[in-house]
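*Asks:* give me coordinates for this.
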Amino acid sequence: MTIRAFDFAHQTTVPNPKHVASLVRFFESGIKTPDHRGFGVEIEHLPIRKSTGKAVTYAEPHGIRSVLQALAQFYDPTREYYEDGHLLGLGRDGIAISLEPGGQIECSLGVLSHADDLEQLYTEFRRDIDPILDRFGIRLINYGYQPDTSYKEIEIIPKSRYHAMQKYFSHIARYGFCMMRASASTQVSIDYFSEKDSIDKLRIGTAVGPILAWFFRNTPFFEKETNPFPLLRQEMWDHIDPQRTDQLWGLYDDNYDWEHYATDVLTTPVFIADLSHTPEYTGDRPVFSAPFDTAADLYPDRELNQAEINHLISTHFNDVRLKNFIELRHWDSLPLPRAQRLTEIVSSLFYDRSQFEGLLSYFDGLRAVDVREAKADLQAHGADARPYGQSLEFWREFLHAEGTLDTEPGDPERPEVFQE
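*Replies:* Numbering: from 1, shown residues only. Now for the predicted structure:
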C-alpha cells in the first residue's frame, strides 16, 4: 500500500513496519461473516449519594471501592482486576464492570445478538448491584455530567493510566479534568465484514454520530449550573487533544485504509506506556510511564502482541474508533430505554444493507471539513442547526430516529436527582 506523504504532516517519525503489520493483522482478525451481526454496549453511570446528590468517589467510606468489594461475590474471581492492591474491575460472561477516572461505574454488555438482548443483561447487572448500592446509600444516574458536583471535588481513582492522563491533559486540554472526573457516556460497538466495510462504517459513523448525539443528548447540567452547550460531550472531547480525538486523520481520503490507521496510531506520541505485557521489559523504567515517545521508541523491533496493540489504540479517543470491532463513542450516558433505542437505530443503519447503502450513497464525496462544519453547526445553533444542509427533522426521518428526544433533558430544579 502507498501512503501519501501529506498524511504525515502531523507526525514526527516513521513507524516500525513490523508494528504496522501487527496492527493490520489485528484488524484482519476482527473480520466477521455478514451473518454475524453482534453488538457491544457500554453504559457509564454517575454514582451519587442519595442523601446529598453529591458524587461518590472511590476511596471514601462506603464509596465505590466498597461497592466493588461487595459485588465481587457475583462475578468470576479469575476476572477481578487489581492495581497496587486496589480492586478496579470485575467480569463474568456477558458483563464486565470497570471504573472511569472519577469513579464512574461502567458496565460493558455483550456480545449481543439483537438490541433486545440489552435489557436482559442490563437487568442482571442492576439486580446484583442495586441492593449493594442501597446498603451504602448510593444511586447510579444516567447523565452526561455530574448534576451537583464540580470536577474539583472528585478524586481520580488509584490507576496509573488515569493519573498519567490527568498530568498530560492538564497541560493541553481545556476540559480534560471535567471529562475525566465528572462525565459519563454510552458507547455502541459493531462488527465489520471486510476492510472496505470497516472504512465505510468508520466514515458513516463519524458523519452521523453528532446528529444522533443531538437526538440522544442527556446533559442538563455542567459544573453545577445549567449546561450551556448543545453537545457538552463533543465540546469537551473536540478540544482535548487534536492528535488523538475528533475524527480520524485522513479518514475521507480516497486511499484511506488500515495501514493509514495503524500509522496514525503508531506515530502519535504515547502519553502513557504500558509495559506490563512486554516480555522484554527489564525494569529500567516504571511499568506505567509517560515518556511521550512513539511506539517505535517504546516497543521492541518485532510484531506487537495483542495487549500492546490494545493499549496503543486505547490512547486514541476518536469519535469512532477501530479495534477488532468498531466503537461508536458520541453519546451521553443514557438510561436503559434510551440506550436500547439507540442500539436499535445503530442496528438498522449499519446492519440493514439497503439502509447502509443509502447512507453511503447520500454521503458519497463527503469531506472531513464537511463533518467539522456539521459538528460546529450543531454546537452553535442547537435545534436550529442544519447539518449537511438539512433540518434536524429531515435527519430524524432519514436516520429512522423517530421516538427520540424532542425537548431538553432534565429539569433545572433537579427533582429526579434526589428522588427515588
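*Asks:* now stretch 120-134: buried residues?
*Replies:* 121-122, 124-125, 128-129, 132-133 (16 or more other C-beta atoms under 10 Å). Every C-beta, even on glycine, is put in place using the N, C-alpha and C of the backbone.
*Asks:* low-confidence ranges in this protein?
*Replies:* Applying pLDDT under 70 to the chain flags residues 1-12, 291, 405-420.
*Asks:* quick one on the thing from earlier: I'd like the buried residues of stretch 120-134 written out as CSV, with secondary structure and distance to W395 added.
*Replies:* Shown next, in CSV, are these (DSSP: H, G, I helix; E, B strand; the rest coil; distance: C-beta to C-beta, whole Å):
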residue, secondary structure, distance to W395
L121, helix, 30
Y122, helix, 27
E124, helix, 34
F125, helix, 32
D128, helix, 38
I129, helix, 36
I132, helix, 41
L133, helix, 37
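*Asks:* how about TSV for these, with distance to D246 added?
*Replies:* Putting the buried residues of stretch 120-134 into TSV (distance: C-beta to C-beta, whole Å) gives the following:
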residue	distance to D246
L121	31
Y122	30
E124	35
F125	31
D128	37
I129	34
I132	38
L133	35
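*Asks:* which ones are touching the closest residue to Q306 other than its chain neighbours?
*Replies:* Nearest residue to Q306, sequence neighbours excluded (C-beta to C-beta, 6 or more residues apart in numbering): F26, at 6.8 Å. Residues near F26 by C-beta atoms under 8 Å, 6 or more residues apart in numbering: 306, 309, 323-324.
*Asks:* now do I105
*Replies:* I105 sits next to 44-45, 47, 64, 67, 97, 99, 129, 140 when contact means C-beta under 8 Å, 6+ apart.
*Asks:* and stretch 349-369, how far out from the chain middle?
*Replies:* 22 Å (C-alpha atoms, centre = their mean, to the nearest Å).
*Asks:* not counting it itself, show me its contacts.
*Replies:* 37, 190, 200-201, 203-205, 207-208, 247, 251-252, 348, 398-400.
*Asks:* out of the residues you listed, which is nearest to N227?
*Replies:* Distance to N227 across the contacts of stretch 349-369 (C-beta to C-beta) is lowest for V208, with 22.7 Å.
*Asks:* re earlier: make CSV out of the contacts of F26 and add distance to S276.
*Replies:* Shown next, in CSV, are the contacts of F26 (distance: C-beta to C-beta, whole Å):
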residue, distance to S276
Q306, 13
I309, 14
K323, 19
N324, 20
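*Asks:* okay, the residues you listed in a markdown table with distance to L336 and secondary structure next?
*Replies:* Output for those, formatted as a markdown table (distance: C-beta to C-beta, whole Å; DSSP: H, G, I helix; E, B strand; the rest coil):
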| residue | distance to L336 | secondary structure |
| --- | --- | --- |
| Q306 | 32 | helix |
| I309 | 32 | helix |
| K323 | 25 | coil |
| N324 | 27 | coil |
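*Asks:* could you single out the nearest of these to H239?
*Replies:* Looking across these and measuring by C-beta to C-beta, the closest to H239 is K323, at 24.3 Å.
*Asks:* circling back: can you classify the residue nearest to Q306 by secondary structure?
*Replies:* Of the three states, F26 takes helix according to DSSP: H, G, I helix; E, B strand; the rest coil.
*Asks:* re earlier: can I have the buried ones of the contacts of stretch 349-369 as a PyMOL selection?
*Replies:* In PyMOL syntax, the buried subset of the contacts of stretch 349-369 is picked out as below (16+ other C-beta under 10 Å):
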select buried, resi 37+190+200+201+203+204+205+207+208+247+251+252+398+399
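*Asks:* next step: the contacts of stretch 349-369 restricted to helices.
*Replies:* 200-201, 203-205, 207-208, 348, 398 (DSSP state H).
*Asks:* how about TSV for those, with distance to T263 added?
*Replies:* Below are those laid out as TSV (distance: C-beta to C-beta, whole Å):
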residue	distance to T263
D200	20
K201	20
R203	18
I204	22
G205	21
A207	23
V208	26
S348	33
F398	34
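*Asks:* so which residue is smack in the middle of this protein?
*Replies:* Note on the chain: the residue nearest the mean C-alpha position is R329, at 4.2 Å, using C-alpha atoms, centre = their mean.
*Asks:* H19 belongs to a strand, doesn't it?
*Replies:* No: applying three-state DSSP, one finds H19 to be helix, outside a strand.
*Asks:* tell me how far it lies from L266.
*Replies:* As judged by C-beta to C-beta, to the nearest Å, H19 and L266 stand 5 Å apart.
*Asks:* please apply the same query to D148.
*Replies:* D148 is 42 Å from L266, by C-beta to C-beta.
*Asks:* neighbour count for these two, which is higher?
*Replies:* More crowded of D148 and L266, by other C-beta atoms under 10 Å: L266, with 24 against 16.
*Asks:* ok, back up a step: out of the contacts of I105, list just those in helices.
*Replies:* Per DSSP H, these map to helices at 64, 67, 129.
*Asks:* pull the number of nearby residues for the nearest residue to the last one once chain neighbours are set aside.
*Replies:* Just to be clear, that refers to I129. Using C-beta to C-beta, 6+ apart and skipping residues adjacent in sequence, the residue nearest I129 is L71, 5.7 Å away. L71 has 19 neighbours, counted by other C-beta under 10 Å.
*Asks:* surely L71 touches D128?
*Replies:* Yes: using C-beta atoms under 8 Å, L71 is in contact with D128, at 6.3 Å.
*Asks:* how about the helices in the stretch 51-200 of the chain?
*Replies:* Secondary structure of the stretch 51-200 of the chain (DSSP state H, counting those that start in this stretch): helices at 64-71, 117-136, 160-172, 176-182, 195-215.
*Asks:* now, the most widely separated pair of the contacts of I105?
*Replies:* E44 and V67 (14.6 Å).
*Asks:* hmm, N218 is touching I141, no?
*Replies:* No: in terms of C-beta under 8 Å, N218 does not count as a neighbour of I141; the distance is 10.2 Å.
*Asks:* first-to-last residue distance for stretch 270-290?
*Replies:* 7 Å (C-alpha to C-alpha, to the nearest Å).
*Asks:* ok, L90 - contacts?
*Replies:* Neighbouring residues of L90 by C-beta under 8 Å, 6+ apart: 68, 71-72, 75-76, 79-81, 96-97.
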